[in-house]
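*Asks:* coords please:
(chains A and B)
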Amino acid sequence: GESVGLHLPTLSVQEGDNSIINCAYSNSASDYFIWYKQESGKGPQFIIDIRSNMDKRQGQRVTVLLNKTVKHLSLQIAATQPGDSAVYFCAEIHNAGNMLTFGGGTRLMVKP
Amino acid sequence: GAGVSQSPSNKVTEKGKDVELRCDPISGHTALYWYRQSLGQGLEFLIYFQGNSAPDKSGLPSDRFSAERTGGSVSTLTIQRTQQEDSAVYLCASSRREDRGGGYTFGSGTRLTVV
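*Replies:* A predicted model of the protein is given here:
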């Protein structure tokens, strides 16, 4: 079946470096892609989203890139901080409904 | 309240017992979702309520799982005759009907442990 998945289960970066978390998706009929951050013991927290008619969107220290040609989504975090340590999930919303479909998650570890 | 509230935050139950998990969505949010997250895994969709429409139950793993949403607000997820494989964090989210993208707000979840 169609799914959203991630390339790397764990990413370790030095504090201050930039982080890139990747996600591959297979469903072309999605109109929104979202990145969530989940800290231990908490629910997923919205970071940034991007519509399918865009290829880049920037927020505060974060950028999401969407490459529909190769069905690839990435989250870039600039100047990674210890507070960025968490599990990051990508998710998609099919254009025919409201349901979020999640990928498997990448754990980001920031070394001081 | 300001966010999605779930209770209890932790639940330990014996195999074979029934459990009820509660979700209070954000006021005014017509859509409510239940997800299950096993240790170290992603979020698995369980059920979706939207206003007065019939719920989308396509994600419920077995007939031991059921959910209700009373008055378009509070929802209860019930697991009957719990099994050890039901151990997971159960997450609830809510949104407005017109929300796309970042309009979904998650609660902190209920950690269920079946012993």
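*Asks:* so what pLDDT did the closest residue to B:Leu39 other than its chain neighbours get?
*Replies:* For B:Leu39, ignoring the flanking residues on the chain, the nearest one in space by Cβ to Cβ, 6 or more residues apart in numbering or on different chains is B:Ala88 at 7.5 Å. Where you see a C-beta, it was placed from the backbone N, CA and C, and this is true even at glycine. For B:Ala88, the pLDDT comes out at 96.
*Asks:* contacts only, for B:Ala88.
*Replies:* B:36-39, B:111-112 (Cβ atoms under 8 Å, 6 or more residues apart in numbering or on different chains).
*Asks:* cutoff 10 Å now
*Replies:* B:35-39, B:41, B:44, B:109-114 (Cβ atoms under 10 Å, 6 or more residues apart in numbering or on different chains).
*Asks:* ditto for B:Ser38
*Replies:* Residues near B:Ser38 by Cβ under 10 Å, 6+ apart: B:44, B:85-89.
*Asks:* ok, A:Ala29 next?
*Replies:* A:2, A:52, A:92, A:94-96.
*Asks:* make JSON lines out of the residues you listed and add distance to B:Thr78.
*Replies:* Converted to JSON lines, the contacts of A:Ala29 look like this (distance: Cβ to Cβ, whole Å):
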{"residue": "A:Glu2", "distance to B:Thr78": "30"}
{"residue": "A:Ser52", "distance to B:Thr78": "36"}
{"residue": "A:Glu92", "distance to B:Thr78": "29"}
{"residue": "A:His94", "distance to B:Thr78": "27"}
{"residue": "A:Asn95", "distance to B:Thr78": "32"}
{"residue": "A:Ala96", "distance to B:Thr78": "29"}
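*Asks:* farthest-separated two in those residues?
*Replies:* A:Glu2 and A:Ser52 (14.4 Å; Cβ to Cβ).
*Asks:* higher neighbour count, the two?
*Replies:* Set side by side, A:Glu2 and A:Ser52 show more neighbours around A:Ser52, with 16 against 12, by other Cβ atoms under 10 Å in any protein chain shown.
*Asks:* identify the residue nearest the more buried one in space, chain neighbours excluded?
*Replies:* A:Asp31 (4.8 Å).
*Asks:* wait, that neighbour touches A:Arg51, no?
*Replies:* Yes. A:Asp31 lies in contact with A:Arg51 (Cβ atoms under 10 Å); the separation is 6.3 Å.
*Asks:* and what about the residue nearest to A:Ser52, helix, strand or coil?
*Replies:* strand (DSSP: H, G, I helix; E, B strand; the rest coil).
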